[in-house]
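[1] Any chance you can model this:
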Amino acid sequence: MSKVDIKVIIKNNNEISEEKYVALKTSKKIEYFEKEFKTSLKIKEPLELIRENNDYLFIMEFIPNKQTNGVCKLKKENVIIDLNILTDYIIIEENIIIIKYKVLTTEQDVIFKLEM
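    Prediction:
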C-alpha cells in the first residue's frame with residue numbers, strides 16, 4: 001500500500017463538495033478517512049464504494065448502464081434500507097476515477113470524481 005494525495009469532488013444534484021485527503025492505495029483499492037466516514041473504493045468488477053462510521057454503513061456497486069442494488073444500514077437501529085442505483089458511466093484512468101450514477105430510491109443524481 002502506498003500513500004497518495006487525492007482530491008474528491010462530489011456533485012449531488014446541484015450541490016458540489018470538494019475535499020483533499022491522504023489515501024492508502026493498492027492496485028485494487030483506495031481507502032481514505034473523511035470527517036466522519038472511512039471510505040473504500042474497490043476497483044474491480046463491479047466497482048464498489050463503501051462508506052462506514054459508527055452509525056451507518058453504505059455499500060454501493062456500480063456497473064455501467066446497469067441497475068444495481070446497494071444498502072444503507074443504520075447500525076444502532078439495525079435497519080437496512082435498500083438503494084437502487086443506476087450507473088450512467090465509469091471512467092478509470094491512471095490518475096482519475098469518475099462515477100456518474102443516480103440513486104433511484106432518493107432521486108439523487110451524483111457524479112463522484114477522485115483525482116490522484
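
[2] now residue 50: how far from residue 13?
    To residue 13, residue 50 is 22 Å away according to CB to CB, to the nearest Å. All C-beta atoms are positioned from the backbone trio N, CA, C, and that covers glycine.

[3] One more: residue 112?
    13 Å.

[4] Among those two, which residue is more densely surrounded?
    residue 112 (19 against 10; other CB atoms under 10 Å).

[5] Please identify which helix or strand holds the more buried one.
    Residue 112 belongs to strand 108-115 when assigned by DSSP states H and E.

[6] try residue 20
    strand 15-25.

[7] so that strand versus strand 108-115, what angle?
    With axes from the mean of the first three to the mean of the last three CA atoms, to 10 degrees defining the directions, strand 15-25 sits at 40 degrees from strand 108-115.

[8] what's strand 15-25 packed up against?
    strand 2-12, strand 29-33 (3 or more CB pairs under 8 Å, 6 or more residues apart in numbering; DSSP states H and E).

[9] Those strands: which one's closest to residue 64?
    Comparison of these against residue 64 by CB to CB identifies strand 2-12 as nearest, at 18.1 Å.

[10] Any buried residues in the closest one, and which?
    In terms of neighbour count (16 or more other CB atoms under 10 Å), strand 2-12 has its buried residues at 6, 8.

[11] Just checking: what are the partner strands of that strand?
    The pairing partners recorded for strand 2-12 under DSSP bridges are strand 15-25 (antiparallel), strand 108-115 (antiparallel).

[12] Residues touching it, excluding its own?
    16-26, 30, 32, 108-116 (CB atoms under 8 Å, 6 or more residues apart in numbering).
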